[in-house]
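S.K.: I would like to see how this sequence folds:
(one chain, ligands or ions: 1)
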Amino acid sequence: SVLSLIAIDGPSGVGKSTTARRVAARLGWQYLDTGAMYRAVALAVLRAGISLADAAALEGLLAGLDLAQRGERVFLAGEDVSEAIRSQEVTRLVSPVSALPRVREVLVEQQRRIGASGGWVVDGRDIGTVVFTGACCKVFLTASPEARARRRFLELEAKGGSPVFDEVLQDQQHRDAADSSRAVAPLRQAEDATALDSSNMSLDQVVDWIVAKHQAHA
Ligand code: C5P
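M.R.: Numbering: from 1, shown residues only. Alright, predicted model coming up:
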């Protein structure tokens, strides 16, 4: 059966979350940021100081995991961690954390429970291939590595940082390589997804394209 849900997958820095949020607003749907869920687990791991090789400690952490998203904010055990999950430390730990099968099992189960009744725009790496294979509309959003690093660079600068372009590009390449080569749920385009290269498109154009794709389907 076909689920009324838009799955947006793609590499880091391609603008998935901004796009997904805007598409959801246009349709009057809700938005789920699955990357934020993996980031929150990475933050919890950092704070608890546990080793990723310690399966028992990890199991304990997952058993007590209390995640929520309200509007643009992300909560871990009731605490607003929206900024904390974007730190460089978390960004560097999130790929190894998200490669752990138990972490994926727990988060995928939560994601399915949230989106089951449809009316959601969900972004991530494995939404069309694993989490919601029955989604009506699957988009694989890409852009050139340089275009993505440039956007990320400008975003960090706008936040008052002084990023180095080559470092931003390198971090992004490491994360994409890790996300694409992991054994469980690697980043790849679903067979029934449409690829959209946004390198030379504005945000508005990308949003319009996805809304039109959904309307063509509905
Ligand atoms: O989307 P965002 O860059 O915030 O995602 C952070 C990380 O979470 C990704 O680099 C990836 O390792 C992981 N992730 C994942 N599966 C998803 C969403 C994110 O493995 N569905």
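
S.K.: average model confidence for stretch 134-145?
M.R.: Averaging the model's pLDDT scores along stretch 134-145 yields 97.

S.K.: ok, that stretch near the ligand or not?
M.R.: No: with C-beta under 6 Å from any ligand atom as the threshold, stretch 134-145 lies outside contact range of the ligand, at a closest distance of 11.1 Å. Yep, even glycine has a C-beta here, placed from its N, CA and C like the rest.

S.K.: longest helix anywhere in the protein?
M.R.: The helix spanning the most residues in the chain, taking DSSP state H as the definition, is helix 165-181.

S.K.: who are the packing partners of the very next helix or strand once past that helix?
M.R.: For helix 165-181, the succeeding helix or strand toward the C-terminus, using DSSP states H and E, is strand 194-197. Using 3 or more C-beta pairs under 8 Å, 6 or more residues apart in numbering; DSSP states H and E as the contact test, the elements touching strand 194-197 are strand 135-142, helix 203-217.

S.K.: the ones you listed into JSON lines, with extra columns for mean neighbour count?
M.R.: Below are the helices and strands packed on strand 194-197 laid out as JSON lines (neighbours: other C-beta atoms under 10 Å):
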{"stretch": "strand 135-142", "mean neighbour count": "23"}
{"stretch": "helix 203-217", "mean neighbour count": "15"}
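
S.K.: closest one to Glu72 among the ones you listed?
M.R.: If you check each of the helices and strands packed on strand 194-197 against Glu72 by C-beta to C-beta, helix 203-217 wins as the nearest, at 16.0 Å.

S.K.: quick one: contacts of that closest one?
M.R.: 6, 8, 15, 18-19, 22-23, 26-27, 136-137, 139, 141, 194, 196, 198, 201 (C-beta atoms under 8 Å, 6 or more residues apart in numbering).

S.K.: now list the buried members of those.
M.R.: 6, 8, 15, 19, 22-23, 27, 136-137, 139, 141, 196, 198, 201 (16 or more other C-beta atoms under 10 Å).

S.K.: confidence score at the residue of the chain most remote from its centre?
M.R.: Counting by C-alpha atoms, centre = their mean, the extreme residue of the chain relative to its mean C-alpha position is Ala56, 26.4 Å from that point. Looking at Ala56, its pLDDT stands at 97.

S.K.: same check on Leu187?
M.R.: 95.

S.K.: Arg152 too?
M.R.: The model's pLDDT for Arg152 equals 88.

S.K.: so what touches the helix or strand where it lies?
M.R.: If you go by DSSP H and E, Arg152 is part of helix 145-158. Under the contact criterion C-beta under 8 Å, 6+ apart, helix 145-158 has outside partners 11-15, 143, 163, 165, 168-169, 172-173, 176, 198-199.

S.K.: just name the closest of the buried ones among the contacts of helix 203-217 to Leu62, please.
M.R.: The shortest separation between Leu62 and any of the buried ones among the contacts of helix 203-217 is 25.7 Å, and it belongs to Ile8 (by C-beta to C-beta).
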